[in-house]
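[1] 3D, please:
(chains A and B)
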Amino acid sequence: MTAEPLFQPLFLWLAGAALGLLTVATLIGAVLAHRVRSPAGRDTVRNLNARIRSWWVMVALFAAAMLLGGTVTLVLFALLSYLALREFITLTPTRRGDHLGLFLSFFVVVPLQYWLIGFGWYGLFSIFIPVYVFMALPSLAVLGADPSDFLTRTAKAQWGVMVAVYCLSHAPALLWLDIPGYDLPAALLLLYLMTVAQLSDVFQYVFGKLWGRTRLSPGISPSKTVEGLLGGGLTAVAVGTGLHVITPFSPLQAAGMSLAIVTAGFFGGFVLSAMKRDLGVKDWGTLIEGHGGILDRLDSVVFSAPLFFHLTRYWFT
Amino acid sequence: MMIPLLRPALLGLTRLLVGARASWEGCAPADVPRIYFANHSSHLDTLVMMAALPRELRARTHPVAALDYWGGSALRRSVAVGCLNALLVDRTGKATAEVMDAMAAVLEDGRSLILFPEGTRGDGAVQPFKSGLYHLARRVPGAELVPVLIENLNRVMPKGMPLPVPLICTMRFGAPLPPPVDGEDKAAFLERARDALVALSHPSPSPSRHDSSQRTAQ
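    Now for the predicted structure:
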């Protein structure tokens, strides 16, 4: 992990850009709130403004954690994993026999996974959950001597830990990558991933609302459209290509990386939507006003984080 | 001295563990004398209810707690009374009149009570109610009887499990129950009250319906 302080002109430029974007969004939201008259339109605008308000809070929290350093960033992501897992397990039917395994998932697996990352133990953090925890969870559940829905219960507990803890933990793990010839703070790689993945979601939403006609898959995600996906995804790739200046990548490499992040992010959102439909809910939670739960906001990051981490680690370290 | 710090710490930990989200479905939060009656599903019931109430109502709401447990030591008593505003009552049956007087006095002063009329906690299903709710409702007919369903808390700490699993608990506040009418016998009223509480449960396991924020704001 690079010890260099993040607080330098480059970071100020990026913070300024985020501030500008949020300010413009807030102004547009205020204008729309005055202009739009139809009841359905007003609902959309109210939700849009709630989303923008939440964005201010999320960007401020994320920026503060990054400025305070790697440990604080790690603690923030550990907390997000804990809250995301709580959302997942809340919606998942469990039985008495699952209790001990779930308790350990929250209070041992989450801290241990992030501790392994902070300790820089790549060999163990990359297999700890998919090997050891995946065997431990059904082993503990089987002690409950309750075979009903055993495979389903095991799969749900494993997927909860996989998505909420394992996948998400690869985002802050970027801070511990040692990239030869890259002398900017490694936190910028995390910022890059989050910016491209989240802007892709935002642009898909904007393009979908303005020009969306063709529903992609109404049965799984009624708001996703082909126009939104293509317009939003390509815009995010363009931004990601431009942001190559904060990465070790060339413009062309950055375009490829952004495309990988956007594609994985799209499938992350899509897969987690299908899970929500399966569980019979619209949102994972209510913690983030306008967006839903933590998992509603991070669904694209959970798939793109491990992919981006491994692509970068394989080709650039 | 410790109490001012202990209260936010306890409520904060409760929220980190179980979220403690209030969903006002049948009534709005209001500073009127109310008897909130809720299902008893875990040792955390009282804490979760207090964490879910808006701050200004929390200061004027008193959970009714058992004297034999919460009065057992100076520490427990200071947590119950100092932090949680609890009204400690003798549930051995020796002092029924005094208990009723104390609860009625709180309501007549314009403040609210939280009751767990099941007495004991079952494994998920709501148990039959004890008669205290009926006598109190007869004694203070002006108090609103608000059913509150605490969702998911029995999954957080099932009976016999000392370790908690963090899950989001939602408190569903229902519409006030019409008080016992003349001629309605005790058992019929208690059955009606229990039905009103059970009716608040949703068929799906979901705590997160999209329209909940609007309902909360009503």
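[2] so where is chain B shaky, pLDDT-wise?
    Filtered on pLDDT under 70, chain B yields the residue ranges B:1-3, B:93-95, B:121-124, B:203-218.
[3] which single helix of it contains the most residues?
    The residue-count maximum for a helix in chain B (DSSP state H) belongs to helix B:3-18.
[4] got the phi and psi for residue B:144?
    Main-chain dihedrals, residue B:144, degrees, to the nearest 10: phi -80, psi 140.
[5] how about the strands in chain B?
    Using DSSP state E, the strands assigned to chain B run over residues B:21-24, B:34-38, B:61-66, B:87-89, B:112-115, B:144-150, B:170-173.
[6] burial measure for residue A:253, as a count.
    When neighbours are counted by other CB atoms under 10 Å in any protein chain shown, residue A:253 registers 17. For the C-beta atoms, the positions are set from N, CA and C on the backbone; glycine is no exception.
[7] give me every residue that touches it.
    residue A:244 (CB atoms under 8 Å, 6 or more residues apart in numbering or on different chains).
[8] on that earlier part again, the longest helix of chain B: how far from the chain's middle?
    Helix B:3-18 has its C-alpha centroid displaced from the chain centroid by 17 Å (CA atoms, centre = their mean, to the nearest Å).
[9] for the strands of chain B, give me TSV that also has distance to residue B:200 and mean neighbour count.
    Compiled in TSV, the strands of chain B are given as follows (distance: least, CB to CB, whole Å; neighbours: other CB atoms under 10 Å in any protein chain shown):
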stretch	distance to residue B:200	mean neighbour count
strand B:21-24	9	21
strand B:34-38	10	25
strand B:61-66	19	21
strand B:87-89	24	21
strand B:112-115	16	22
strand B:144-150	4	23
strand B:170-173	4	24
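[10] nearest to chain A, out of these?
    Chain A lies closest, by CB to the nearest CB, to one member of those: strand B:21-24, at 6.5 Å.
[11] so which elements touch the closest one?
    strand B:170-173, helix B:212-217 (3 or more CB pairs under 8 Å, 6 or more residues apart in numbering or on different chains; DSSP states H and E).
[12] I'd say residue A:193 and residue A:258 touch.
    No: at 9.8 Å, residue A:193 and residue A:258 do not qualify as touching, with contact defined as CB atoms under 8 Å.
[13] who's more crowded, those two?
    For residue A:193 versus residue A:258, neighbours defined as other CB under 10 Å are more numerous around residue A:258 (32 against 26).
[14] skipping adjacent residues, who's closest to that one in space?
    Ranked by CB to CB, 6 or more residues apart in numbering or on different chains and with sequence neighbours excluded, the top spatial neighbour of residue A:258 is residue A:240, at 2.7 Å.
[15] for residue B:87, see how far away the one you found is.
    Separation of residue A:240 from residue B:87 (CB to CB, to the nearest Å): 60 Å.
[16] so for stretch A:167-177, mean pLDDT?
    What stretch A:167-177 shows for mean pLDDT is 95.
[17] report the distance from that stretch to the chain centre.
    12 Å.
[18] can you tell me what sits against that stretch?
    With CB under 8 Å, 6+ apart, stretch A:167-177 has contacts from A:1, A:70, A:73-74, A:76-78, A:80-81, A:84, A:113-114, A:117-118, A:120, A:122, A:125, A:186-187, A:189-190, A:193-194, A:298, A:301-303, A:305-306, A:308-309, A:312-313, A:316-317.
[19] any idea how many residues pack against the spatially closest residue to residue A:166 that is not a sequence neighbour?
    Among residues not flanking residue A:166 along the chain, residue A:129 sits closest, at 4.2 Å (CB to CB, 6+ apart). Neighbourhood size, residue A:129 [other CB under 10 Å]: 23.
[20] same deal with residue A:174?
    The burial count assigned to residue A:174 is 25, neighbours taken as other CB under 10 Å.
[21] measure it to residue A:295 for me?
    Using CB to CB, residue A:174 is found at 20 Å from residue A:295.
[22] so is the strand of greatest length in chain A next to chain B?
    The longest strand of chain A (DSSP E) is strand A:221-225. No: Strand A:221-225 is not in contact with chain B by CB under 8 Å from any CB of the partner chain; minimum separation 12.0 Å.
[23] and that strand, what does it pack against?
    Against strand A:221-225 (3+ CB pairs under 8 Å, 6+ apart) you get helix A:187-211, strand A:215-217, helix A:251-279.
[24] deepest of those, which one?
    Most buried of those by mean neighbour count (mean count of other CB atoms under 10 Å in any protein chain shown) is helix A:187-211; its value is a mean of 22.
[25] okay, the angle between it and strand A:221-225?
    Using axes from the mean of the first three to the mean of the last three CA atoms, to 10 degrees, the inter-axis angle of helix A:187-211 relative to strand A:221-225 is 90 degrees.
[26] packing partners of helix A:187-211?
    For helix A:187-211, the elements it packs on are helix A:9-35, helix A:39-68, helix A:70-91, helix A:168-173, strand A:221-225, helix A:226-242, helix A:251-279, helix A:294-316, judged by 3+ CB pairs under 8 Å, 6+ apart.
[27] relative to helix A:294-316, how tilted is that helix?
    Using the same axes, to 10 degrees: helix A:187-211 against helix A:294-316 is 130 degrees.
[28] what does chain A put close to chain B?
    So chain A meets chain B at A:82, A:86-87, A:89-91, A:93-94, A:96, A:99-100, A:102-103, A:106, A:279-287, A:289, A:292-293 (CB under 8 Å from any CB).
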